[in-house]
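sequence first, predicted model second:
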Number of protein chains: 2
Amino acid sequence: MSQSVDSDVSVVRTYIDSHRAAFLDDLVEWLRIPSVSAQPEHATDVRRSADWLAAKLRETGFPTAEVWETPGAPAVFAEWPSADADAPTVLIYGHHDVQPAAREDGWDTEPFDPVIRANRLHARGAADDKGQVFFHTLGVRAHLAATGRTAPAVHLKMLIEGEEESGSPHFRTLVEAQAERIAADAVIVSDTGMWAEDTPTVCTGMRGLAECEIQLYGPDQDIHSGSFGGAVPNPATEIARLVAALHDEHGRVAIPGFYDGVIELTDRERELFAELPFDEERWLRTAKSTATCGEAGHTTLERIWARPTAEVNGIGGGYQGAGSKTIIPSSAMVKLSFRLVAGQNPDHIEKAVTAWAAERIPAGIRHEITFSGSTRPCLTPLDHPALQSVVRAMGRAFQQPIRHTREGGSGPAADLQEVLDAPVLFLGISVPSDGWHAPNEKVELDLLFKGVETSAYLWAELAESTHEAH
Amino acid sequence: MSQSVDSDVSVVRTYIDSHRAAFLDDLVEWLRIPSVSAQPEHATDVRRSADWLAAKLRETGFPTAEVWETPGAPAVFAEWPSADADAPTVLIYGHHDVQPAAREDGWDTEPFDPVIRANRLHARGAADDKGQVFFHTLGVRAHLAATGRTAPAVHLKMLIEGEEESGSPHFRTLVEAQAERIAADAVIVSDTGMWAEDTPTVCTGMRGLAECEIQLYGPDQDIHSGSFGGAVPNPATEIARLVAALHDEHGRVAIPGFYDGVIELTDRERELFAELPFDEERWLRTAKSTATCGEAGHTTLERIWARPTAEVNGIGGGYQGAGSKTIIPSSAMVKLSFRLVAGQNPDHIEKAVTAWAAERIPAGIRHEITFSGSTRPCLTPLDHPALQSVVRAMGRAFQQPIRHTREGGSGPAADLQEVLDAPVLFLGISVPSDGWHAPNEKVELDLLFKGVETSAYLWAELAESTHEAH
């Protein structure tokens, strides 16, 4: 079958245009639900978000749409079999939970009261990840409209989890338990971004993630810094010393064993990265920062896409209120996250960090390390046929050449790759300025509808490429 | 005049016993006022505390008792002239403000709802410093009862400030402006402690204090640690590096110029310290700690009394709530306090810390340093006659030999010493277990009344020693 017959561009665009308003109304409704998985007080909201999505997927046409329980927040599973029995099966992955957000963090408007300004939709979750999950609902309808089908060209499945922003602690178990129902020939992850508004790209890999909180305990209670200062260990000082020891003078992580197994970049990959139109000044504006730093011997793109890191996400201890309080605090803590690259294993990192911390903490200080959910790194071969289908679908939507990137962030894609034994492909239309995890998160409406359009073309492309491969 | 005639022990004790209940009722009433000078929301409480004290001092018999305004919290001044025109003038110094306290910090009872348990009075300020200010009110009455006087043997003045726990930012200016009215031949500071319940001591010096808050600013807002991690400076990491650089590997403060001018301990002073019955295990229990640490080459007593320090009172940045938030935080801060010893000047320390921090903070991080009120260190000669009067008055109250200590904490005594050109003597009955600045602060009632008794003997002792000196 030819592309022009199977999914005519003008039919797709006309269909999308006529359903645009209703689609946005629905997305706004979903974004109003503060499905913050990290905050226990929002547990019912995360459940409400799952119920809302399952209902909407049934309305879209999925014959099956179920809320799947986990020991934490629920996931949503939906399935829409193709009329062609021998069509390939594709699983779309995304998440319906969001990062914490509060107006006082610096939002111009309420994070869970979506607003459209200057062709952008602002809300927590607009880009990460509700917008990018939701574009498939209109995409599959446009695919049917353009091809005259009543069911997709592929057996379409969706698995939208509810704990991605909390490190997906139960996702691996869920995937293993439901491996049969979610079995697929390819996984489409819609939880990544593109290079820029004017440079559409596909992502070929994501970093993994290991997270921990280290609590240090000194005196049994806060004690007077005059009476005791200078003579007993101070847990706030010690937490700082621990953090300061995370990196060596070359910006490399100084934890013994941290780099074990790291797959180094090839010269070809470094060339591909170097070919991208990287403007450091512009990138720094997106990063809201004024200087770069990092591991010696690597470019900024290499540092954020292909090198592992250790970052402090939060640090605290002692008196943080107004004025002063001359104490030696009784405790201090740090929240660390480690981004991992292909070849690194979160279990090994956990052991390495645990041993490193235990070795460095002095007498008189008790410590506890708690690791939360980890995510494996993953990488897709550049020459995989399914990846080429994504590139073609995006090319038709964007009418531009599609370049290759990686993603510095993390997702549980590697678990799907490993358990389902299927290639993982990344389809995202978010851009760096969207402010993931930050105040005033937004999605560009033009790009959101390019996502819809790519989704409309993708199912026929994937069906075709699989048939060719057979 | 002989001690037995001038202030009979049995008369003093009988007088104190018969006024004990009323005295405690009054003190409890004062402790109910949460006069926290560091917290703006308690500004009216600090004022209420000053008004309460001025009224109570008038009731005690002071012909003059005034609330003195400052640009911050008010002080209380009271004056009771002796009938002997040529009697020496003594100024009692203390403070009526207290450290912040909240039940959730670990208090067994409400910090501003005083309770007496096991012969201890628990409340914020019980020992630091309301209890130790207040014992003089009953002390002077007992002095009059025992000597048959209608006015004290000395010209008695009290200056009780309201910003000691905030670093006394306006005290120096107040003292300079009111130098004539507070002029004295000796200053009695009642804001220190003793060695232990069974080892009464006089203190001969206090450390000074310089305090600052350093704020570091990185990205203009929190940014995603996956998208940007490893490539831009993280202010939480940088604040930790700054703290880790405070000390060298010998536990010495590594800020260039920090030790300029420090008067080192003499061999005799080190011997006197070493003669005290120091039980490290017991001291550690008081410090609620399990190990000592500090500057190499010094004992624990030397470290807390006679060596300068750098301590972290609070550190904070990024996400400190439940669960995780994978961000690079936009800012981080640390509150530092430096204890200073004789020979150090807070102004010089401020310059040294400012230069040190500016040098260490990397590109991409903006910083602000704010110094709050500082306090000079001070030291009283061991052989001063007025100090010997304090030793004798305590000896009568405690019926034990009185040993010598120093105090690791800080007070604005050095300003009084400098502006009034008068010796500063320390009279305190608090013990290390009283929990200054900590939850469950208390004062031992037996010691509180030894303080009353010492005050009852002291005025005649001082009048006599001054006459002898003349």
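Looks like it came in fine.

count the neighbours of A:Ala210 for me.
28 (other C-beta atoms under 10 Å in any protein chain shown). In this view, the C-beta of every residue, glycine as well, is placed from N, C-alpha and C.

list the contacts of it.
Listed by C-beta atoms under 8 Å, 6 or more residues apart in numbering or on different chains, the contact partners of A:Ala210 are A:Ser337, A:Phe338, A:Leu340, A:Pro346, A:Ile349, A:Glu350, A:Val353, A:Phe371, A:Ser374, A:Thr375.

where does the first one land in three-state SS?
At A:Ser337, secondary structure determined by DSSP: H, G, I helix; E, B strand; the rest coil is strand.

what about it, distance to A:Ala355?
Using C-beta to C-beta, to the nearest Å, A:Ser337 is found at 19 Å from A:Ala355.

who has more neighbours out of the two?
A:Ser337 (25 against 13).

that one against B:Ile328, yeah?
No - shown here, A:Ser337 and B:Ile328 do not form a contact pair, counting by C-beta atoms under 8 Å, at 9.7 Å.

and for the two, which residues touch both?
Joint contacts of A:Ser337 and B:Ile328 (C-beta under 8 Å, 6+ apart) are A:Glu311, A:Asn313, B:Ser225, B:Gly229.

now the first one: how far from B:Glu238?
To tie it back to what came earlier, the one meant is A:Glu311. 12 Å.

so who does the closest residue to A:Ser82 other than its chain neighbours touch?
Of all residues not flanking A:Ser82 in the chain, A:His155 sits nearest, at 4.9 Å (C-beta to C-beta, 6 or more residues apart in numbering or on different chains). Contact partners of A:His155, counting by C-beta under 8 Å, 6+ apart, are A:Glu79, A:Trp80, A:Pro81, A:Ser82, A:Ala87, A:Pro88, A:Thr89, A:Val90.

so what's A:Ala296 closest to, chain neighbours aside?
A:Ala296's closest residue in space is A:His250 (C-beta to C-beta, 6+ apart), at 4.2 Å.

find the nearest non-adjacent residue to whichever residue of the stretch 101-250 of chain A sits closest to chain B, please.
Residue of the stretch 101-250 of chain A nearest chain B, by C-beta to the nearest C-beta: A:Gly226 (3.0 Å). Nearest non-adjacent residue to A:Gly226, counting by C-beta to C-beta, 6+ apart: B:Gly409, 3.0 Å away.

ditto for A:Gly61
Using C-beta to C-beta, 6+ apart, the closest residue to A:Gly61 is A:Trp80 (6.5 Å).

for the one you found, phi and psi?
phi -140, psi 100 (degrees, to the nearest 10).

so what pLDDT did it get?
According to the prediction, A:Trp80 has pLDDT 98.

A:Pro235 versus that one, what's the distance?
55 Å.

go on, A:Gly251?
Taken as C-beta to C-beta, the span from A:Gly251 to A:Pro235 is 27 Å.

circling back to that earlier point, please tell me I have it right and the residue nearest to A:Gly226 contacts B:Asp434.
No - using C-beta under 8 Å, B:Gly409 is not in contact with B:Asp434; the gap is 11.8 Å.

who has more neighbours, these two?
Taking other C-beta under 10 Å, B:Gly409 and B:Asp434 do not tie; B:Gly409 has more neighbours (27 against 24).

from the contacts of A:His155, which is closest to chain B?
Using C-beta to the nearest C-beta, the contacts of A:His155 come closest to chain B at A:Val90, 25.1 Å.

that closest one belongs to a strand?
Yes - under three-state DSSP, A:Val90 falls within a strand.

show me the beta-bridge partners of it.
When bridges are called by DSSP bridges, A:Val90 pairs up with A:Leu156, A:Ala186.

what comes into contact with stretch A:111-122?
A:24, A:27-28, A:31-34, A:101-103, A:108-109, A:123-124, A:126, A:131, A:439-446, A:448.

so which of those also contact chain B?
A:Pro439, A:Asn440 (C-beta under 8 Å from any C-beta of the partner chain).

give the contact list for A:Leu24.
A:Ile116, A:Leu121, A:Leu445.

so which of the contacts of A:His155 is the most crowded?
A:Val90 (27 neighbours).

just checking, A:Met394 touches A:Pro200?
Yes - between A:Met394 and A:Pro200 a contact is recorded at 5.7 Å, counting by C-beta under 8 Å.

shared neighbours, the two?
A:Ile402, A:Lys450.

who has more neighbours, the two?
The neighbour comparison of A:Met394 against A:Pro200 (other C-beta under 10 Å) goes to A:Met394, with 26 against 23.

ok so the more buried one is a strand residue?
No - under three-state DSSP, A:Met394 sits outside any strand and is assigned helix.

tell me the strands in the stretch 1-150 of chain A, going along the chain?
A:64-68, A:75-80, A:89-95, A:115-117, A:120-122 (DSSP state E, counting those that start in this stretch).

helices along chain A, start to end?
Along chain A, counting by DSSP state H, helices occupy A:3-6, A:9-31, A:43-60, A:130-147, A:171-177, A:179-182, A:235-244, A:267-275, A:280-286, A:300-305, A:346-360, A:385-398, A:413-420, A:445-469.

that's all I had, so thanks and see you.
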